[in-house]
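Chemist: turn this into a structure:
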Amino acid sequence: MKTKIILLRPKIGFGIGGAEYHAAMVALKLLERGFKAGLISHTISFPEDIKKHFEFYPIKFKGFGSLPKHLFFIYQAKKILSKLNNYKLISFFRYPYPSDLFIMCDPLIAHLIHQKKPILSSFRPRYQILLELEKRTLKNSQKIISLFSLGKELIKLYYPFAEEKTFVCSMGLDFSKFNPSLKLKKRELRKKWGFSEEEYLILFVGYDTKRKGLELLLKIFSELPDKTKLLIAGAEGKSTQRIHYLGKVKNVEELYALSDLFVLPTLYDPGALATLEALACGTPVITTPSDGTSEFVKEGINGFVVERNPYSLKSVILKALNTPFDPIKIHESIKHLTWENYVDCLLTHLEI
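Modeler: Numbers count the residues shown, from 1 in each chain. Coordinates of the predicted model:
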């Protein structure tokens with residue numbers, strides 16, 4: 001009988017967020033490999049034929065406000081785990097008690113404060129509590145998994161005591177959904193979404209638009225050539241002739257396929273799934289060094305990595321407009337990032 005593996009996060013499932021999708025894919029791959037998988041969460045989102053195979057330990061009360069919800073979830077999760085035996089725990093959440101693996105799929109609070117206004121932010125009670133939870137999580141976790149090299153570098157910088165037990169396992173992608181064959185449908189997809197073949201379409205994807213840099217992109221967009229249009233997926237707003245707010249999009253792979261360029265001038269992202277999805281679809285990207293996935297961006301081959309300021313962002317977008325990109329080469333730059341390889345890496349560190 002294989003070891004039972006418990007996955008911990010407030011929400012786990014498809015269609016409810018990047019980190020939640022990440023945890024759901026790990027759960028699914030564990031099932032495929034014959035493991036018993038348990039979920040500690042207050043919300044799960046799986047097809048019914050898959051959901052029935054999980055052992056679900058529900059968190060019954062969510063609480064109110066982001067920080068109280070966080071603390072209340074920890075309290076209830078600890079109670080549930082105290083009644084269980086013979087399991088390995090993978091936490092996708094700042095859980096300050098012992099876990100076998102802590103997956104860093106959320107921003108590191110210490111670095112997020114540094115990227116914002118460190119003097120002001122560090123004194124806010126909310127940040128002080130989150131910092132303490134983060135420190136205790138890193139201290140009490142048996143091993144820490146960073147999705148990309150950036151995370152390990154930041155651990156070394158802010159929490160050197162945890163460096164030796166931090167390992168990199170590069171997150172996987174669903175290449176059956178995100179692949180360059182979609183580019184063959186570019187013309188019909190543009191017609192479906194109401195865009196012409198002559199327009200140069202720039203895509204931004206993200207819910208947390210402030211952290212992911214939409215404001216900076218909007219600031220310089222009026223200075224770009226008239227043929228450019230900006231598509232914003234994940235956020236609501238007032239559309240104009242050249243800027244289109246699309247809100248929550250179900251088939252986001254269609255947007256990657258019909259777009260000419262993906263831009264994410266993020267303040268900090270441990271590893272933007274959207275950047276990888278764009279590359280998987282053969283769409284060049286522009287991101288910042290503060291995006292963990294930037295380690296896979298090769299200048300002029302699949303995109304550009306740019307410093308986060310108006311002049312640099314505008315210059316590199318103009319450069320991208322005149323750079324010929326090969327969708328197949330773009331895709332091949334990350335084709336090794338499979339969920340199978342990622343889960344293999346996790347299981348190696350779980351030592352099972």
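Chemist: ok, what's across the strand from Ile44?
Modeler: Here Ile44 sits in beta bridges with Ile12, going by DSSP bridges.
Chemist: next, count neighbours for it.
Modeler: Ile44 is flanked by 21 other residues according to other C-beta atoms under 10 Å. To be clear about C-beta, it is placed using only N, CA and C from the backbone, and glycine gets the same treatment.
Chemist: mind listing the strands for the stretch 151-300 of the chain?
Modeler: 166-168, 200-205, 228-233, 243-247, 261-264, 285-287 (DSSP state E, counting those that start in this stretch).
Chemist: any idea how the chain splits into domains?
Modeler: As recorded under automatic domain parsing, the domains making up the chain are 4-172+337-350, 180-332.
Chemist: any idea how far apart the tips of stretch 140-151 sit?
Modeler: Stretch 140-151 has an end-to-end distance of 18 Å (C-alpha to C-alpha, to the nearest Å).
Chemist: would you single out the least confident of the domains of the chain?
Modeler: When those are ranked by mean pLDDT, domain 4-172+337-350 comes last with a mean of 90.
Chemist: what's the span of it, first residue to last?
Modeler: End to end - C-alpha to C-alpha - domain 4-172+337-350 spans 12 Å.
Chemist: how far off centre is that domain?
Modeler: 13 Å (C-alpha atoms, centre = their mean, to the nearest Å).
Chemist: likewise for stretch 202-221?
Modeler: Offset of stretch 202-221 from its chain centre (C-alpha atoms, centre = their mean): 15 Å.
Chemist: just the CA trace of that stretch, in PDB.
Modeler: This file holds the C-alpha atoms of stretch 202-221, laid out as PDB (Å, rounded to 0.1, in the frame of the first residue of the first chain):
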ATOM      1  CA  ILE A 202      -0.500  42.500 -26.700                       C
ATOM      2  CA  LEU A 203      -1.900  40.300 -23.900                       C
ATOM      3  CA  PHE A 204      -1.800  40.800 -20.100                       C
ATOM      4  CA  VAL A 205      -3.200  38.000 -17.900                       C
ATOM      5  CA  GLY A 206      -3.600  38.400 -14.100                       C
ATOM      6  CA  TYR A 207      -6.100  38.900 -11.200                       C
ATOM      7  CA  ASP A 208      -3.700  40.900  -8.900                       C
ATOM      8  CA  THR A 209      -3.200  43.600 -11.500                       C
ATOM      9  CA  LYS A 210      -1.400  46.000  -9.100                       C
ATOM     10  CA  ARG A 211       1.400  43.500  -8.200                       C
ATOM     11  CA  LYS A 212       1.600  42.100 -11.800                       C
ATOM     12  CA  GLY A 213       2.200  45.600 -13.300                       C
ATOM     13  CA  LEU A 214      -0.800  46.400 -15.300                       C
ATOM     14  CA  GLU A 215      -0.600  50.100 -14.200                       C
ATOM     15  CA  LEU A 216       2.900  50.400 -15.600                       C
ATOM     16  CA  LEU A 217       1.800  48.800 -18.900                       C
ATOM     17  CA  LEU A 218      -1.200  51.100 -19.200                       C
ATOM     18  CA  LYS A 219       1.100  54.100 -18.500                       C
ATOM     19  CA  ILE A 220       3.200  53.600 -21.600                       C
ATOM     20  CA  PHE A 221       0.600  52.000 -23.900                       C
END
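Chemist: give me phi/psi at Ser176?
Modeler: Main-chain dihedrals, Ser176, degrees, to the nearest 10: phi -70, psi -30.
Chemist: tell me how many other residues surround it.
Modeler: 6.
Chemist: distance of it from Glu153?
Modeler: Distance, Ser176 to Glu153, using C-beta to C-beta, to the nearest Å: 32 Å.
Chemist: got it, and Asp291?
Modeler: To Glu153, Asp291 is 13 Å away according to C-beta to C-beta.
Chemist: compare the two and say which is more crowded by neighbours.
Modeler: The residue with more neighbours, out of Asp291 and Glu153, is Asp291; 27 against 16, by other C-beta under 10 Å.
Chemist: do I have it right that that one meets Pro265?
Modeler: No. Proximity of Asp291 to Pro265 does not meet the contact threshold set by C-beta atoms under 8 Å, at 9.1 Å.
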